[in-house]
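[1] Okay, sequence plus prediction incoming.
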Amino acid sequence: MLPLQNMLFEWSSPSIASSSNNNGGSSRILATSARRPRVVISEISLRPVGHFKRGFFDHLKPRAFILGSIRVTTQQGALIMANFMTEQLDGDMKRQEKVKKGELTQREADEEADKWETEEWEKKWSSLQSKAVVAFAKFHAVTLVMRLYEKIAAKYYDEVRMDKLTMDPFTASLTMSAKGETKSEVMHSMFHTTFSANLIAYMADYSVHQAILFYGYYIYIRDRRKKRLQEGEGEDKEGFNGALATSMLKKSTQLAISRGFGLVCTAIGGGVGTILWPGWGAILVGNMGDSVGSMVLDDGTSKK
């Protein structure tokens, strides 16, 4: 198995240049001032380790805030378009089946299709604003939770491991594609790099959606209990509470499996995208992998 980081450059000793091997890795000590703190350079990004680690509220800075808003709005628009086209194709197939069975004429099917397209097109795009606001709130909530997890992880892992967990897949893709390795080696390395770089983000995304799920069940139980007490029916029976707990556990497990599968699909997309188009390919195909993972297991996040 090829390690993600074999080479570390250490700048710590004056007027010395050497190389060494340690547990399959290599490092180079370059000439620098003895007073200058050691700088470890990541082989993946060719930048100092921890270069891509962000501050707790960096996502609220003007440039990051604007780019995040554009990203979220674009994603929601793409989801609306994808859902519209999927439903349109499904409806056309059903209407064609009715035409073959003689239940509809071709003209009636076309008129029905035109009416559906006009109504649904306006209906779906009218919901863009509300969906973008909800998605934007989720985006910032996930980002804050992600920063919290990064802070916790930094207490238990060294700077090299944290560099892997906070790596920028775009930069890593460009660096790895320029090494001259075989396609299988590049895909293997980028799979592990993308997986590690997105692990904390997916954990944060799962945590936020899990909290939303628990809150939804809490509101349902609270309103149901209030309604039953007002009607004089008393508390729910143990059987109902047990069924509710089972339902919540089932959805929580489904969400965890879906997010895990999405992470694997994103990592695969990062490897494939690097081969097709180093840099942007890793991002675009990786996002496609996440979307495919959500749709395959239908965790509901792809429709929100």
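    Good, I have the coordinates.

[2] going forward, measure contacts and count neighbours with C-alpha atoms only.
    Noted.

[3] Helices along the protein, start to end?
    With DSSP state H as the criterion, the chain has helices at 62-101, 106-126, 128-154, 159-165, 169-177, 183-230, 238-276, 280-297.

[4] out of the ones you listed, which comes closest to residue 54?
    Closest approach to residue 54 among the helices of the chain is made by helix 128-154 (7.8 Å; C-alpha to C-alpha).

[5] So which elements touch that closest one?
    When contacts are defined as 3 or more C-alpha pairs under 8 Å, 6 or more residues apart in numbering; DSSP states H and E, helix 128-154 sits against helix 62-101, helix 183-230.

[6] need those helices in CSV with mean pLDDT and distance to residue 148, can you?
    As requested, these are exported to CSV (pLDDT from 0 to 100; distance: least, C-alpha to C-alpha, whole Å):
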stretch, mean pLDDT, distance to residue 148
helix 62-101, 86, 18
helix 183-230, 90, 9
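
[7] Among the helices of the chain, single out whichever gets nearest to residue 50.
    Of all the helices of the chain, helix 159-165 sits nearest to residue 50, with 4.9 Å by C-alpha to C-alpha.

[8] for that closest one, the distance to its chain's centre please.
    Centroid displacement of helix 159-165 relative to its chain, using C-alpha atoms, centre = their mean, to the nearest Å, is 19 Å.

[9] Can you read off the pLDDT for residue 119?
    Here the pLDDT value assigned to residue 119 is 89.

[10] ok, it - contacts?
    Under the criterion of C-alpha atoms under 8 Å, 6 or more residues apart in numbering, residue 119 has no neighbours.

[11] how far is stretch 85-93 from where the chain is centred?
    A distance of 27 Å separates the centroid of the chain from that of stretch 85-93, by C-alpha atoms, centre = their mean.

[12] buried residues in it?
    88, 91 (16 or more other C-alpha atoms under 10 Å).

[13] Serialize the helices and strands packed on helix 128-154 to CSV and add fields for distance to residue 297.
    Formatted as CSV, the helices and strands packed on helix 128-154 follow (distance: least, C-alpha to C-alpha, whole Å):
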stretch, distance to residue 297
helix 62-101, 16
helix 183-230, 14
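
[14] State the number of residues packed around residue 123.
    Counted with other C-alpha atoms under 10 Å, residues neighbouring residue 123 total 11.

[15] Please work out which of the helices and strands packed on helix 128-154 is packed deepest.
    Highest mean neighbour count of those: helix 183-230, a mean of 17 (counted as mean count of other C-alpha atoms under 10 Å).

[16] now it against helix 128-154, angle please.
    110 degrees (axes from the mean of the first three to the mean of the last three C-alpha atoms, to 10 degrees).

[17] ok so, going back, nearest to residue 168, out of the helices and strands packed on helix 128-154?
    Nearest to residue 168, of all the helices and strands packed on helix 128-154, is helix 183-230, at 6.9 Å by C-alpha to C-alpha.

[18] Need the CA coordinates for stretch 121-139. CSV is fine.
    Extracted C-alpha coordinates of stretch 121-139, given in CSV (Å, rounded to 0.1, in the frame of the first residue of the first chain):
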residue,chain,number,x,y,z
TRP,A,121,-41.2,24.3,-13.5
GLU,A,122,-42.7,27.4,-11.8
LYS,A,123,-43.4,25.4,-8.6
LYS,A,124,-39.9,24.1,-8.2
TRP,A,125,-38.0,27.3,-9.0
SER,A,126,-40.3,29.3,-6.7
SER,A,127,-38.9,27.1,-3.8
LEU,A,128,-35.3,28.0,-4.6
GLN,A,129,-35.1,30.9,-2.2
SER,A,130,-36.4,28.9,0.8
LYS,A,131,-34.3,25.9,0.0
ALA,A,132,-31.2,28.0,-0.4
VAL,A,133,-31.7,29.7,3.0
VAL,A,134,-32.1,26.3,4.7
ALA,A,135,-29.1,24.9,2.9
PHE,A,136,-27.1,28.0,3.7
ALA,A,137,-27.9,27.6,7.4
LYS,A,138,-26.9,24.0,7.3
PHE,A,139,-23.7,24.9,5.5
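
[19] Other residues contacting it?
    Residues outside stretch 121-139 that contact it (C-alpha under 8 Å, 6+ apart): 69, 72, 73, 76, 77, 80, 84, 208, 304.
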